[in-house]
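Colleague: got a structure for you, letters missing:
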């Protein structure tokens, strides 16, 4: 019985957040100060990116890149980019589950921090507050997997 318990402990999944930090952040206001004199009707475009880096057998850095470009009257009002990073312990996950953890679960944990940083930068830049809506990283990860499978199918055909 104790050998069975030892084997179960060896394959037990473990997830821990070790550290969350801003790796890079920037705010560009290319049309300042003119942009502040115009009637405000901003239109925003949000882009997301995700990268991971294995630090040790069980330690991974995940970097979520969030880029928000907002235009007003056809001109770029501001461009804000945040690279929100985290160091995570991931242990006992299958290869398939590891991909989902790095591609969806960890970015989901990082997004609220990136959203707060973007909101703060935009307001400190003199613009109205921006409220980024929640993102379904699970759905984005599945779309990414499907795109990879289609590319692999097209390459082998």
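Modeller: Right, received. Where do you want to start? Remember, it's a predicted structure, so these values are computed and weren't measured experimentally.

Colleague: alpha carbons only for contacts and neighbour counts from here, please
Modeller: Will do.

Colleague: parallel or antiparallel, which strands does the longest strand belonging to the chain pair with?
Modeller: Secondary structure of the chain per DSSP state E: the longest strand is strand 75-91. Looking at strand 75-91 with DSSP bridges, its partner strands are strand 14-28 (antiparallel), strand 59-72 (antiparallel).

Colleague: any chance of these in TSV, with mean neighbour count too?
Modeller: Formatted as TSV, the strands paired with strand 75-91 follow (neighbours: other C-alpha atoms under 10 Å):
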stretch	mean neighbour count
strand 14-28	14
strand 59-72	20
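
Colleague: just put those in CSV and tack on mean pLDDT.
Modeller: Below are the strands paired with strand 75-91 laid out as CSV (pLDDT from 0 to 100):
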stretch, mean pLDDT
strand 14-28, 98
strand 59-72, 98
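
Colleague: just the buried residues of the longest strand of the chain, please?
Modeller: 76-91 (16 or more other C-alpha atoms under 10 Å).

Colleague: same check, this time on stretch 127-144
Modeller: Here stretch 127-144 shows 127, 130, 137, 138, 141 as buried, counting by 16+ other C-alpha under 10 Å.

Colleague: quick one, phi psi at the nearest residue to residue 100 once chain neighbours are set aside?
Modeller: Distances taken as C-alpha to C-alpha, 6 or more residues apart in numbering put residue 141 closest to residue 100, at 7.1 Å, once the chain neighbours are dropped. According to degrees, to the nearest 10, the main-chain angles of residue 141 amount to phi -60, psi -40.

Colleague: do the same with residue 41
Modeller: Dihedral angles (degrees, to the nearest 10) for residue 41: phi -150, psi 70.

Colleague: what's it in contact with, if anything?
Modeller: 72, 73 (C-alpha atoms under 8 Å, 6 or more residues apart in numbering).

Colleague: wait, which of the strands paired with strand 75-91 is closest to residue 37?
Modeller: strand 59-72 (11.1 Å; C-alpha to C-alpha).

Colleague: which other residues reach the closest one?
Modeller: Against strand 59-72 from outside (C-alpha under 8 Å, 6+ apart): 23, 35, 40-55, 76-90, 102, 106-107, 110-111, 114.

Colleague: if you set the cut-off to 7 Å instead, what comes out?
Modeller: 40-55, 76-90, 102, 106-107, 110 (C-alpha atoms under 7 Å, 6 or more residues apart in numbering).
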